[in-house]
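**Student:** Have a look at this fold, sequence not included:
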């Protein structure tokens, strides 16, 4: 019985490569729109949006977007929307700059900086949206890179617009808030 169980476990663990079904080759794609507010405040919600168009005559296997954040002092980027901690004694070397309230729908991956949203048909544009809350004041560069696949076998052809960055300044000044005539909290300077 133990031999049979060991055989079943061995065949179920690691016998199939995760990238086995990803086609190999170059694909063309284009980031046609990118937006993220350049000025934000701590505790303020913001939305980062990317629109990626498949300009190839083939289906993109699995549109993936990788995010890397750099602080004003440089250093290696950590996980998405975080910077590397300066204190090496910390158990987690990432210091969040934004909390990800919601990433692209069905885009979660095992990577801490990459979302994959599935196939994209020729000519189709996929819009990806991250809803974030700023938690660390400072000046940051948020870099993004779109890829036609998750595992590196499907790559973007040279000359494609697949990368970009946002320069963002987060203030430690709170977002103005007030209670309107209906008893609701209103954030920002908008009147009734």
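**Tutor:** Structure received. Everything numeric in this text was worked out from a predicted model, so none of it was measured. Numbering: from 1, shown residues only.

**Student:** quick one: low-confidence ranges for the chain?
**Tutor:** For the chain, the stretches with pLDDT under 70 are 1-21, 72-78, 188-192.

**Student:** The same query, at a cut-off of 50, please.
**Tutor:** Within the chain, the ranges that satisfy pLDDT under 50 run 1-11, 17, 191-192.

**Student:** center of it, which residue is that?
**Tutor:** Nearest to the mean C-alpha position of the chain, by Cα atoms, centre = their mean, lies residue 67 at 4.6 Å.

**Student:** my read: that one touches residue 141, true?
**Tutor:** No. Residue 67 is beyond contact range of residue 141, at 11.1 Å (criterion: Cβ atoms under 8 Å). Every residue, glycine included, has its C-beta placed from N, CA and C.

**Student:** thinking residue 130 is in contact with residue 99, fair?
**Tutor:** No. Residue 130 lies out of contact with residue 99 (Cβ under 8 Å); the separation is 10.7 Å.

**Student:** list the residues that contact both of those two?
**Tutor:** residue 81 (Cβ atoms under 8 Å, 6 or more residues apart in numbering).

**Student:** who's more crowded, the two?
**Tutor:** Neighbour count, other Cβ atoms under 10 Å: between residue 130 and residue 99, residue 130 has more, with 24 against 15.

**Student:** For the more buried one, give me its contacts.
**Tutor:** Residues near residue 130 by Cβ under 8 Å, 6+ apart: 47-49, 67, 81, 100, 102-104.

**Student:** make it 6 Å
**Tutor:** Residue 130 makes contact with 48, 103, according to Cβ atoms under 6 Å, 6 or more residues apart in numbering.

**Student:** isn't there a strand covering it?
**Tutor:** Yes. When DSSP: H, G, I helix; E, B strand; the rest coil is applied, residue 130 is found to be in a strand.

**Student:** beta partners of it?
**Tutor:** residue 48 (DSSP bridges).

**Student:** distance of it from residue 145?
**Tutor:** 14 Å (Cβ to Cβ, to the nearest Å).

**Student:** again with residue 57
**Tutor:** For residue 57, the distance to residue 145 (Cβ to Cβ) stands at 23 Å.

**Student:** And those two? Which one has more around it.
**Tutor:** Set residue 57 next to residue 145 and count neighbours by other Cβ under 10 Å: residue 145 wins out with 17 against 9.

**Student:** was I right about the more buried one contacting residue 163?
**Tutor:** Yes. Shown here, residue 145 and residue 163 form a contact pair, counting by Cβ atoms under 6 Å, at 4.8 Å.

**Student:** Can you check which residues contact both of those two?
**Tutor:** Counting by Cβ under 6 Å, 6+ apart, no residue touches both residue 145 and residue 163.
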